[in-house]
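# following is a predicted model, sequence given first.
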There are 2 protein chains.
Amino acid sequence: MALEISALVFDAYGTLFDVHSVARKAEALYPGKGDALSRAWRTKQLEYTWLRSLMGNYEDFSRVTLASLEWALESLKIVPGDADKSALFDEYRKLAMFPEVPAALDSFARARPLAILSNGHPDMLEAVVEHNRLRNLFRGGVLSVHAAKVFKPNPATYHLVEERLGVPRALVGFVSSNGWDAAGAKAFGFKAFWVNRTGQPVERLGVRPDAVVPDLASLAEMLAK
Amino acid sequence: MALEISALVFDAYGTLFDVHSVARKAEALYPGKGDALSRAWRTKQLEYTWLRSLMGNYEDFSRVTLASLEWALESLKIVPGDADKSALFDEYRKLAMFPEVPAALDSFARARPLAILSNGHPDMLEAVVEHNRLRNLFRGGVLSVHAAKVFKPNPATYHLVEERLGVPRALVGFVSSNGWDAAGAKAFGFKAFWVNRTGQPVERLGVRPDAVVPDLASLAEMLAK
């Protein structure tokens, strides 16, 4: 594919790291409600990042994640045990990569620097990157929106990439499994690759990603051409 | 209740006007899928208002509503007939009020000016207000965020109320059935009344509404004390 790309930047949760283990932990704690809990939690977590950003009332992703967990538990009428909330939250620190990710990242890294740009608090990102021994692979850095005090898809978050990597936006490839994140990146001026893992319709947000792929292996193949 | 309130401002959809007829229309068009469609539509509609506001990429509520409808139809693998989309969209122009609303509004209006502040495009609001013959009741005006070119809960939207009504924010009572809207209004500095029609948990957004009521009749009772 004839795209000039000087750096590849990845979203973290859902794109590199599989959040499925959160649902598994939830199911272990609350049999029959794990799936509903993890879906309500994730939906509310995203809502809170958008709403707080819009209200001009930023709070870091760890707190947003705990606040949304509390909402989700109450919505399902679950009264959590003392240690449940930290046990669920801690799952985010040790998420596994999707199976195709390690090989794809190796392939990407041969051609250009890689980086992460995530809503995650720096501590959460540090932990999950360390857990997966990815530190050396992300030469471009592990960037958190915490530095901009606002969440994606606010342009100030994507601007962190230009600032930290010193690469102009038109030469940045941005990879996300969230359609809205790919749209935000595209609107900012990145080349946007949407990893549509679950066959969702493309988001109607006024821009289209440069490519839609089912997983990172397909993206590696596409970019190697 | 000892609250000094010089003007009462209402959210429209879901607060005054029951969007249930949209689901009924959807069910008539696509038997067995009406409920899923209207829920996916509403969720995506709100997401798009937040995402576009965050991206700095405002588009008016009519277009957002149609774009989210297209997404929702595709997500349910529905291929709509030629006239379906406008038929569904047109439901927004003729929504009915919740049963308790007319009497409650009459009671509110005896003590202070009333207004609407809605995400809706001015044309959509005009139509539904006219349909329900409410024009004379809202002496404070029917305000659309369209004037601010950003959606709720951005503070610029609530600021329209101060600007147009000339009432300082601390003396404005704001009424919404959306917990996040009540939170946004409260964070802005309004007195916020959350009409929790469906027994949802309170939103964890760093502020709490001044009161939570199950419907507008209860609010009328509370404010009359």
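Received it, and whenever you're ready, just let me know what you need.

# scan chain A for its longest helix.
Looking across chain A with DSSP state H, the single longest helix is helix A:34-55.

# is that one up against chain B anywhere?
Yes: remark: helix A:34-55 sits within contact range of chain B at A:47-48, A:50-55, by Cβ under 8 Å from any Cβ of the partner chain. The way it works is simple: take the backbone N, C-alpha and C, and place the C-beta from them, glycine included.

# of these, closest to chain B?
Closest to chain B out of those is A:Trp50 (4.1 Å), distances taken as Cβ to the nearest Cβ.

# what is the burial count for the residue lying closest to the closest one once chain neighbours are set aside?
Nearest non-adjacent residue to A:Trp50, counting by Cβ to Cβ, 6 or more residues apart in numbering or on different chains: B:Trp50, 4.1 Å away. Neighbour count for B:Trp50, taken as other Cβ atoms under 10 Å in any protein chain shown: 23.

# buried set for the helix or strand of chain A with the lowest mean pLDDT?
Sorted by mean pLDDT, DSSP states H and E, the helices and strands of chain A end with helix A:20-29, the least confident at a mean of 93. Within helix A:20-29, the residues that count as buried by 16 or more other Cβ atoms under 10 Å in any protein chain shown are A:22-23, A:25-27, A:29.

# by contact count, what packs against that helix?
Packing contacts for helix A:20-29, counted by 3 or more Cβ pairs under 8 Å, 6 or more residues apart in numbering or on different chains; DSSP states H and E, involve helix A:34-55, helix A:84-90.

# picking up where we left off before, the longest helix of chain A to helix B:34-55, inter-axis angle?
Relative orientation of helix A:34-55 versus helix B:34-55 (axes from the mean of the first three to the mean of the last three Cα atoms, to 10 degrees): 40 degrees.

# what average pLDDT does helix A:34-55 get?
For helix A:34-55, mean pLDDT rounds to 97.

# tilt between it and helix A:20-29?
Taking the same axes, to 10 degrees, one finds helix A:34-55 and helix A:20-29 inclined to each other by 120 degrees.

# identify each buried residue in helix A:34-55, please.
A:34, A:36-38, A:40-42, A:44-55.

# now the helices and strands packed on helix A:20-29 in TSV, with distance to B:Ala115?
Formatted as TSV, these follow (distance: least, Cβ to Cβ, whole Å):
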stretch	distance to B:Ala115
helix A:34-55	21
helix A:84-90	41
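
# and those helices: which comes nearest B:Asn119?
Closest of those to B:Asn119 is helix A:34-55, at 12.1 Å (criterion: Cβ to Cβ).

# for the closest one, the distance to its chain's centre please.
13 Å (Cα atoms, centre = their mean, to the nearest Å).

# touching chain B at all, the helix or strand that it is followed by?
Going down the chain from helix A:34-55, the next helix or strand is helix A:61-75, by DSSP states H and E. Yes: using Cβ under 8 Å from any Cβ, we find that helix A:61-75 touches chain B at A:67-68, A:70-71, A:74-75.

# what average pLDDT does helix A:61-75 get?
Averaging pLDDT along helix A:61-75 gives 97.

# can you tell me what sits against it?
With Cβ atoms under 8 Å, 6 or more residues apart in numbering or on different chains as the test, helix A:61-75 has contacts from A:37, A:40-41, A:44-45, A:47-49, A:52, A:59, A:79-80, A:85, A:88-89, A:92, A:119-121, A:123-124, A:144-146, A:151, B:200-201, B:203-205.

# what of stretch A:130-149?
Contacts for stretch A:130-149 (Cβ under 8 Å, 6+ apart): A:7, A:9, A:17, A:58, A:60-61, A:93-97, A:105-106, A:109, A:113-122, A:125-126, A:129, A:151-152, A:154, A:156-157, A:159-161, A:164-165.

# let's see that with 6 Å instead.
For stretch A:130-149, the surrounding residues in contact (Cβ atoms under 6 Å, 6 or more residues apart in numbering or on different chains) are A:7, A:58, A:60, A:94, A:97, A:105, A:109, A:113-117, A:119-122, A:125, A:129, A:151, A:156-157, A:160, A:164-165.

# do the same with stretch A:207-222
A:1, A:100-101, A:104, A:107, A:182-183, A:186-187, A:191-196.

# out of those residues, the closest to chain B would be?
Ranked by distance to chain B (Cβ to the nearest Cβ), the contacts of stretch A:207-222 are led by A:Ala187 at 5.3 Å.

# isn't the closest one up against B:Arg52?
No: look at A:Ala187 against B:Arg52 with Cβ atoms under 6 Å: they stay out of range, at 9.5 Å.

# so what's A:Leu143 bridging to?
Taking DSSP bridges as the rule, A:Leu143 bridges to A:Leu117.

# burial measure for it, as a count.
Using other Cβ under 10 Å: A:Leu143 sits among 23 other residues.

# how about the one 3 residues further on?
Close neighbours of A:His146, defined as other Cβ under 10 Å, add up to 22.

# cool, A:Pro113 as well?
17.

# tell me the contacts of it?
A:7, A:139-140.

# so which of the contacts of stretch A:130-149 sit within helices?
Using DSSP H, the members of the contacts of stretch A:130-149 that fall in helices are A:105, A:109, A:122, A:125, A:129, A:156-157, A:160, A:164-165.

# whichever of those residues end up buried, select them in PyMOL.
The PyMOL command for the buried members of the ones in helices among the contacts of stretch A:130-149 (criterion: 16+ other Cβ under 10 Å) is given here:
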select buried, chain A and resi 105+109+122+125+129+156+157+160+165
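
# still on that earlier bit, which residues does the least confident helix or strand of chain A contact?
Counting by Cβ under 6 Å, 6+ apart, A:34-35, A:37-38, A:84, A:88, A:91 sit against helix A:20-29.

# quick one: which of these is nearest chain B?
Among those, A:Leu37 lies closest to chain B (Cβ to the nearest Cβ), at 13.0 Å.

# how about that closest one: what's its closest non-neighbour residue?
What sits nearest to A:Leu37 in space, not counting adjacent residues and going by Cβ to Cβ, 6+ apart, is A:Ala26, at 4.5 Å.

# what about chain A, any weak spots by pLDDT?
Applying pLDDT under 70 to chain A flags residues A:1-2.
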